[in-house]
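Asks: pasting the structure only:
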């Protein structure tokens with residue numbers, strides 16, 4: 001442990017110190033690949049805690065050892081363990097399995113895979129349709145440059161809890177899940193903006209296949225390619241149904257480590273365009289996150305790709321993204337997400353867009 005004194009008014013220095021701390025310690029080349037930090041005012045010394053002592057806990061970890069769901073579990077564990085120390089009341093964290101054991105099992109299961117495995121066939125089909133390249137963002141995001149610069153970031157609250165529930169009801173009316181409805185809106189926005197007949201992306205799926213992994217911290221993530229057919233000017237019901245079928249069709253591809261799939265295909269599986277959806281409403285203590293000011297943050301990234309994260313929380317629907325810091329991507333990614341958001345809002349207020357545009361004399365967005 002080490003302590004750093006600083007001028008409370010110098011927020012820039014605090015930010016720089018935290019960035020340096022995370023850069024130095026959250027790396028797969030060191031162990032442990034994670035670090036904790038606390039930030040407290042000089043007027044509230046750490047050895048004399050009281051009811052009015054306010055401080056912030058920072059936790060950072062390398063992404064190779066922790067996934068998005070693990071990050072939201074950390075908020076509960078830190079709070080529960082702190083309350084146990086402060087009050088003597090047992091934290092009662094439920095038993096979990098070891099990520100080391102999970103990794104050993106996953107490696108053993110993937111050891112005898114061959115090129116005929118269903119997961120490999122799914123990826124092979126996708127790569128054949130895309131000319132051997134990973135799915136790309138539907139709109140231009142500028143040229144890849146040799147100079148590496150931090151990506152731009154976007155973070156927005158799209159829906160409150162009532163609006164998110166309403167959208168869920170629209171999806172249920174279409175016999176589809178929330179994520180299927182989201183993908184339908186992503187696909188239709190691609191039609192509206194570029195007139196494409198397919199929406200292709202990569203989506204992460206959890207691999208927590210047993211109750212012993214439900215509360216474990218680690219990397220429990222597989223990837224699946226999504227190829228959503230947009231042909232025939234389908235309405236929301238049809239398009240959400242197609243998205244649900246596509247999620248079902250590709251589920252086997254997420255059960256195999258994507259590095260292994262890439263090894264068998266001879267092509268690195270590195271997503272260029274990723275859309276992630278996570279429902280964290282039922283994570284322990286999720287309802288108390290606003291009170292504790294719990295927030296999940298992402299580090300800087302320097303790659304030429306587009307990643308979009310959509311999280312449903314007790315407060316509603318949050319969307320964040322990272323994308324290249326250039327004029328094209330800075331214009332097109334927010335514009336695309338704005339189109340998706342508008343379409344979801346129209347769906348909530350006006351209902352599904354028309355399946356037959358000529359008969360209903362409506363544009364595809366229902367406006």
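Replies: Nice, thanks for sending it over. On a predicted model such as this, the values are computed, not experimentally measured, just so you know.
Asks: and the residue nearest to residue 328 when sequence neighbours are not counted, how many neighbours does it have?
Replies: Closest residue in space to residue 328, ignoring its immediate chain neighbours: residue 142 at 4.0 Å, by CB to CB, 6 or more residues apart in numbering. Any C-beta I mention is one placed from the backbone N, CA and C, and that applies to glycine too. As a burial measure, residue 142 scores 16 neighbours (other CB atoms under 10 Å).
Asks: can you tell me which residues contact residue 142?
Replies: Shown in contact with residue 142 (CB atoms under 8 Å, 6 or more residues apart in numbering): 324, 326-329.
Asks: what's the most distant pair in those?
Replies: 324 and 327 (9.7 Å; CB to CB).
Asks: compare those two and say which one has the larger neighbour count.
Replies: residue 324 (25 against 9).
Asks: I'd say the more buried one and residue 140 touch.
Replies: No: the pair formed by residue 324 and residue 140 falls short of the contact definition of CB atoms under 8 Å, at 10.4 Å.
Asks: okay, now the unreliable bits of this protein?
Replies: 42-52, 354-367 (pLDDT under 70).
Asks: helix or strand: which one has residue 228?
Replies: strand 221-229 (DSSP states H and E).
Asks: revised request: answer the last question for residue 58.
Replies: Element membership for residue 58 (DSSP H and E) is strand 55-61.
Asks: residues near residue 97, how many?
Replies: The tally of other residues near residue 97 (other CB under 10 Å) stands at 17.
Asks: that should have said residue 239, apologies.
Replies: Residues contacting residue 239 under the criterion other CB under 10 Å number 31.
Asks: cool, and residue 310?
Replies: Other residues close to residue 310 by other CB under 10 Å number 21.
Asks: returning to what we had before: now the strand holding residue 58: buried residues?
Replies: 57, 59-61 (16 or more other CB atoms under 10 Å).
Asks: helix or strand for residue 21, which one?
Replies: Assigned by DSSP H and E, residue 21 falls within helix 11-25.
Asks: cool, and residue 320?
Replies: Counting by DSSP H and E, residue 320 is part of strand 316-323.
Asks: quick revisit: and the strand holding residue 58, what does it pack onto?
Replies: Judged by 3 or more CB pairs under 8 Å, 6 or more residues apart in numbering; DSSP states H and E, strand 55-61 is in contact with helix 11-25, strand 34-40, helix 68-87.
Asks: can I get those in CSV with mean neighbour count and distance to residue 152?
Replies: Shown next, in CSV, are these (neighbours: other CB atoms under 10 Å; distance: least, CB to CB, whole Å):
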stretch, mean neighbour count, distance to residue 152
helix 11-25, 13, 17
strand 34-40, 15, 26
helix 68-87, 16, 20
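Asks: can you show me the helices along the protein?
Replies: Taking DSSP state H, the helices of the chain run over residues 11-25, 68-87, 99-110, 118-129, 161-173, 178-194, 236-249, 258-265, 289-292, 327-350, 357-360.
Asks: so which elements touch the fifth one?
Replies: Helices and strands in packing contact with helix 161-173 are listed as helix 178-194, helix 236-249, strand 316-323, helix 327-350; criterion 3+ CB pairs under 8 Å, 6+ apart.
Asks: measure the closest residue to residue 262 other than its chain neighbours to residue 275 for me?
Replies: Leaving aside its chain neighbours, residue 262 sits nearest to residue 269 (4.0 Å; criterion: CB to CB, 6+ apart). Noted for residue 269: a distance of 16 Å to residue 275, by CB to CB, to the nearest Å.
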